[in-house]
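Engineer: my questions concern the predicted model and sequence given below.
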Amino acid sequence: MNVSNNCSSTNLELHHHVRLIELALYSFIFFFGALFNVLAFWVFSCKMKKWTETRDLVYVMNLVFADFSVICTLPSMVYLLWSESARGQLCQFTEMMYFINMLVSIYSISFISIDRYIAIKHPLKARSFRSPGKAALLCGLLWLLVVSSATIQLWQGHPDLCLHTYTPIPAALSLLAIFFVFILPLATLTFCSTAAIRNLKKHLNSNSAEEKSIQKAVHIISANLIVFLVCFLPACLGLLARFVMERVGVTCSLLCAVKNLSSVTRCIATSNCCLDSVCYYFVTREFHEAFLWPKASTQKPEATHPLQTETC
């Protein structure tokens with residue numbers, strides 16, 4: 001690594017104002033994220049008598065659990081950011097739990113995007129690929145792979161550099177981590193979302209009765225894509241910038257600025273765990289009826305087009 005020799009981990013501490021920004025953002029995310037995810041779990045578990053497709057429940061509940069687990073790590077992360085003496089096994093465990101659940105959350109969103117793409121682009125073939133059992137198996141394999149990777153990382157970790165963006169790991173591993181954590185999910189969601197939107201727009205004028213449902217689905221998919229890009233693209237670009245600067249050899253002050261920027265972008269990425277819950281509200285018709293209009297269940301339900309129950 002071509003980082004300046006006088007640029008040690010102690011020289012790369014976060015600026016005081018950045019710590020205050022992190023404290024404010026993490027507190028905001030923790031309060032609303034915990035509230036919205038508990039509400040989502042309660043509605044999905046207790047208030048919904050049936051789902052349009054049980055497979056949707058597998059993906060969404062997996063996403064809710066991962067998001068809520070990320071939210072639960074935030075108090076410890078805030079404490080560790082302000083208590084340097086507490087660095088050690090507690091810090092490594094907190095960082096590992098954050099990494100595991102954040103990665104599961106990212107890939108759960110990617111799975112939902114792929115699932116929706118298959119349903120919209122290839123509706124006839126979708127029946128053979130999409131089932132609750134296959135969704136549960138895919139989620140189980142995801143947890144197994146992520147937990148295994150995090151355990152290996154914990155064994156090879158550096159306790160003194162916990163929660164630092166500057167870590168002495170090989171260049172190949174850094175690029176591999178950036179690719180699988182950010183670039184691959186971003187590319188997958190972008191491709192699936194844009195392809196689904198193009199396919200839906202082809203049918204806008206084909207049937208006036210379904211035009212409203214199709215427009216709603218297009219808006220939902222577009223909003224999901226924008227939220228995902230806003231949350232994770234800054235973190236991806238920040239890590240890539242840090243990687244390049246560490247390899248070309250820059251001043252310690254510049255590396256410190258990149259570290260501070262990366263810390264803020266990590267907060268922005270974490271906010272996706274809160275925004276996911278808002279997404280449940282807007283895109284799940286059953287959630288809307290169960291929470292705001294529970295009396296509506298006594299009325300005769302209207303026919304619902306499959307596109308009206310798009311999930312995140």
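Structural biologist: Right, received. Where do you want to start? Residues are numbered from 1 along each chain as shown.
Engineer: right, and the helix or strand after the helix ranked longest in the chain?
Structural biologist: Longest helix in the chain, counting residues (DSSP state H): helix 208-248. Downstream of helix 208-248, the next assigned helix or strand under DSSP states H and E is helix 252-270.
Engineer: helix 208-248 and that following helix, what's the angle between them?
Structural biologist: 160 degrees (axes from the mean of the first three to the mean of the last three C-alpha atoms, to 10 degrees).
Engineer: what sits against the most centrally placed residue in the chain?
Structural biologist: When the chain is reduced to its mean C-alpha position, the closest residue under C-alpha atoms, centre = their mean turns out to be Ile106, at 3.6 Å. Residues near Ile106 by C-beta atoms under 8 Å, 6 or more residues apart in numbering: 181-182, 185, 232. Just so you know, the C-beta spots here come from the backbone N, C-alpha and C atoms, and that holds for glycine as well.
Engineer: one more time with 6 Å, if that's ok
Structural biologist: Counting by C-beta atoms under 6 Å, 6 or more residues apart in numbering, Ile106 touches Pro185.
Engineer: now the one 10 residues further on
Structural biologist: For Arg116, no residue counts as a contact, taking C-beta under 6 Å, 6+ apart as the criterion.
Engineer: so which strand or helix has it?
Structural biologist: Assigned by DSSP H and E, Arg116 belongs to helix 89-121.
Engineer: show me the contact partners of the following helix or strand past that helix.
Structural biologist: Per DSSP H and E, the first helix or strand lying C-terminal to helix 89-121 is helix 123-129. Helix 123-129 is contacted from outside by 118-119, using C-beta under 6 Å, 6+ apart.
Engineer: tell me how far Tyr59 lies from Ala196.
Structural biologist: 16 Å (C-beta to C-beta, to the nearest Å).
Engineer: what sits against Leu204?
Structural biologist: Each residue near Leu204 by C-beta under 6 Å, 6+ apart is listed here: 211, 214.
Engineer: now it, what's its secondary structure?
Structural biologist: coil (DSSP: H, G, I helix; E, B strand; the rest coil).
Engineer: tell me the confidence at it?
Structural biologist: On pLDDT, Leu204 comes in at 71.
Engineer: likewise for the one 10 residues further on?
Structural biologist: Listed pLDDT for Ile214 reads 78.
Engineer: contact partners for it?
Structural biologist: Residues near Ile214 by C-beta under 6 Å, 6+ apart: 200, 203-204.
Engineer: give me the nearest residue to it, chain neighbours excluded.
Structural biologist: Nearest non-adjacent residue to Ile214, counting by C-beta to C-beta, 6 or more residues apart in numbering: Leu200, 5.2 Å away.
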